[in-house]
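Enquirer: sequence-free structure coming up:
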């Protein structure tokens with residue numbers, strides 16, 4: 001590690017007032033005071049907008065923070081301002097796993113980021129590429145006095161492996177040292193203790209030596225620093241090119257992916273990107289760059305012999321085989337496994353009783369060689385489910401309700417595993433459990449995992465054609481008296497339809513309160529994404545839109561309703577039941593399977609700041625889905641609102657459409 005860190009550049013404070021930030025960019029220097037109101041929950045979408053992630057080289061510097069609060073910083077302004085230190089508020093770097101966020105900062109000249117707390121993946125990505133982060137605001141006074149900083153002291157809460165990664169100059173340099181046997185991994189204590197579900201799975205996958213030749217431990221303890229062997233590694237075209245470039249830069253052009261049969265690649269995120277970019281003259285130059293990403297990914301797949309689940313080849317049809325998370329849930333993740341993907345919603349797969357979590361491009365580049373990823377064993381928070389959901393309430397409402405609990409609002413679940421169990425879990429089909437685990441990361445958790453039970457095993461067998469006995473034998477279960485960092489009891493019978501207000505998924509209120517105070521109009525209803533594009537979600541849309549179609553009703557005038565399935569399997573399911581024809585009959589636009597409006601990469605993306613979207617997706621950070629405002633709600637509420645033209649409650653009783 002560098003003996004000392006001398007920073008003589010300027011300090012950029014991301015305060016709440018955009019006018020003050022613009023003044024800083026124009027030359028005004030601020031001094032830190034405790035009363036300074038720093039912007040909290042600055043997401044990675046704001047640090048590097050979705051479209052900026054089409055770049056994976058030095059051009060990213062131009063787009064550093066250009067998405068902040070909907071676009072308050074001009075392209076190139078941060079780099080031109082001569083800043084070396086960036087200061088933000090609580091939960092800095094929440095949201096997506098995109099490594100382009102810290103990478104853009106590093107390329108723009110930022111060397112140190114100071115904040116009270118960080119999003120887990122953002123901070124790990126920063127550490128991986130050599131961008132220093134600290135929660136110690138005292139460094140600002142030391143810098144003002146012209147003093148050099150001790151890099152070791154900046155790693156205020158770093159574990160043993162993280163410190164070694166820093167000393168080697170980044171994760172890939174450390175991975176090369178591992179391959180040569182030049183490092184020693186920390187020894188696990190292997191204490192005799194009752195373990196949570198995630199701890200059992202992580203212990204079984206703990207790597208014991210630098211070369212990865214010994215795997216498995218009798219136990220792990222929260223705070224342990226280790227690498228875990230992944231049963232499945234996957235990436236999509238949005239991220240694969242950057243990880244490929246990092247792999248070749250670190251290990252040479254002859255580097256090869258280890259065990260390519262346990263790697264999957266997906267072409268799913270940019271399938272409909274041209275529909276958005278082509279309509280915005282300012283972004284037309286991005287079309288060529290967006291088209292380059294799948295080409296680079298395809299060459300990578302061919303070079304390493306990796307399976308690529310791509311786009312459709314049928315004439316007259318557009319779409320992807322599947323959104324990566326839906327495909328992993330349907331066909332690949334298994335109970336007791338460890339799954340890693342270059343996307344924060346990798347957590348979706350935890351519905352089948354596995355530990356699944358997102359990593360950045362550098363983590364994946366290293367994992368392609370080592371087959372494992374670094375992790376500090378997280379604490380586990382138990383979510384005990386009781387009662388049963390009412391007829392017009394869904395798992396989406398349950399998660400939004402969970403966000404309003406004191407434990408989540410206080411930030412106490414940050415970086416943890418949410419373990420879902422209790423007698424009411426059996427009442428939820430697999431797709432609804434996937435909504436729980438998908439949105440666990442919006443609570444700030446590393447991931448979510450559901451206890452495996454007979455219902456889940458039966459549904460898996462129906463999806464994949466057998467093997468229930470093998471999955472039952474492999475499934476892990478929490479020990480009695482396992483130690484949890486906290487417990488939340490959620491009575492599903494008390495859950496009501498909920499709504500997340502624009503700006504943050506955790507800004508939740510009961511839907512009835514919004515309706516009573518004057519329901520806002522909507523311009524767009526988006527019924528899709530990895531959160532809202534599953535088979536169960538199609539059932540829910542149909543339960544509201546089907547009766548409307550029979551009554552001859554249509555989507556409200558001025559509202560654009562988009563329905564997007566999460567996979568071709570989901571599409572066939574909806575087509576066989578007559579859903580797709582019925583959706584079109586009420587005026588919906590049915591899109592091919594893919595990601596889309598959730599990341600401003602497809603129809604349903606807002607076009608103007610005044611537009612309001614109600615979405616079945618999981619995130620509504622500023623600018624993520626276009627310049628407009630995004631409300632999050634259940635599939636039932638999205639469908640009901642599309643018909644009403646304003647935010648509307650679902651019918652009091654929801655019956656299956658036939």
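Expert: Nice, I can see it. Predicted model, so just to flag it, every value in this text is computed and none were measured. Residues are numbered from 1 along each chain as shown.
Enquirer: Going by C-alpha atoms from here, please, whenever you check contacts or count neighbours.
Expert: Noted.
Enquirer: and residue 259, how many neighbours?
Expert: Neighbourhood size, residue 259 [other CA atoms under 10 Å]: 14.
Enquirer: residue contacts, it?
Expert: Contacts for residue 259 were tallied using CA atoms under 8 Å, 6 or more residues apart in numbering; they are residue 371.
Enquirer: And residue 224, how far from residue 161?
Expert: From residue 224 over to residue 161 the distance is 10 Å, taken as CA to CA, to the nearest Å.
Enquirer: An error on my part: the question was meant for residue 466.
Expert: Distance, residue 466 to residue 161, using CA to CA: 41 Å.
Enquirer: Distance check, the nearest residue to residue 222 once chain neighbours are set aside against residue 24.
Expert: Of all residues not flanking residue 222 in the chain, residue 377 sits nearest, at 4.7 Å (CA to CA, 6 or more residues apart in numbering). Counting by CA to CA, the gap from residue 377 to residue 24 is 40 Å.
Enquirer: These two: which is more packed in?
Expert: residue 377 (22 against 19).
Enquirer: if I read this right, that one contacts residue 224, doesn't it?
Expert: Yes. Using CA atoms under 8 Å, residue 377 makes contact with residue 224 at a distance of 5.2 Å.
Enquirer: need the longest helix for this structure.
Expert: Assignment by DSSP state H gives helix 286-304 as the longest helix of the chain.
Enquirer: Would you indicate which residues of that helix are buried?
Expert: 286, 287, 290, 293, 294, 296, 297, 298, 300, 301, 304 (16 or more other CA atoms under 10 Å).
Enquirer: who's more crowded, residue 224 and residue 161?
Expert: The neighbour comparison of residue 224 against residue 161 (other CA under 10 Å) goes to residue 161, with 22 against 18.
Enquirer: how about the nearest residue to the more buried one once chain neighbours are set aside, what does it touch?
Expert: Leaving aside its sequence neighbours, residue 161 sits nearest to residue 225 (CA to CA, 6+ apart; 6.2 Å). Going by CA under 8 Å, 6+ apart, residue 225 touches 159, 160, 161, 186, 374, 375, 376, 377.
Enquirer: now residue 225, which residues is it bridged with?
Expert: residue 376 (DSSP bridges).
Enquirer: Endpoint to endpoint, stretch 134-153 covers what distance?
Expert: End-to-end distance of stretch 134-153 (CA to CA): 9 Å.
Enquirer: For it, give the mean pLDDT please.
Expert: The average pLDDT for stretch 134-153 rounds to 90.
Enquirer: Report the buried residues of that stretch.
Expert: Neighbour counts over stretch 134-153 (16+ other CA under 10 Å) mark 134, 135, 139, 140, 143, 147, 149, 151, 152 as buried.
Enquirer: Which single one of these is nearest to residue 311?
Expert: residue 134 (42.1 Å; CA to CA).
Enquirer: Looking at the buried residues of stretch 134-153, which two lie furthest apart in space?
Expert: Across those (CA to CA), the longest gap, 18.0 Å, separates 135 and 147.
Enquirer: what about the stretch 51-200 of the chain, any weak spots by pLDDT?
Expert: 155-156 (pLDDT under 70).
Enquirer: Which parts of it are helices?
Expert: For the stretch 51-200 of the chain, applying DSSP state H, counting those that start in this stretch gives helices covering 77-80, 100-107, 120-129, 138-144, 151-154, 160-167, 171-179, 197-204.
Enquirer: who touches the fourth one?
Expert: It refers to helix 138-144. 7, 8, 32, 148, 149.
Enquirer: that older thread, could I get the buried residues of stretch 134-153 as CSV with distance to residue 367?
Expert: Converted to CSV, the buried residues of stretch 134-153 look like this (distance: CA to CA, whole Å):
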residue, distance to residue 367
134, 26
135, 28
139, 34
140, 36
143, 36
147, 38
149, 32
151, 26
152, 26
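Enquirer: Let me know the closest of those to residue 102.
Expert: Of all these, residue 134 has the smallest distance to residue 102: 13.8 Å, by CA to CA.
Enquirer: Residue 449 and residue 516, how far apart?
Expert: Residue 449 is 36 Å from residue 516, where distance means CA to CA.
Enquirer: Sorry, wrong one. I was asking about residue 218.
Expert: 55 Å.
Enquirer: of those two, who's got more company?
Expert: Shown here are residue 218 and residue 516; by other CA under 10 Å, residue 218 has more neighbours (15 against 8).
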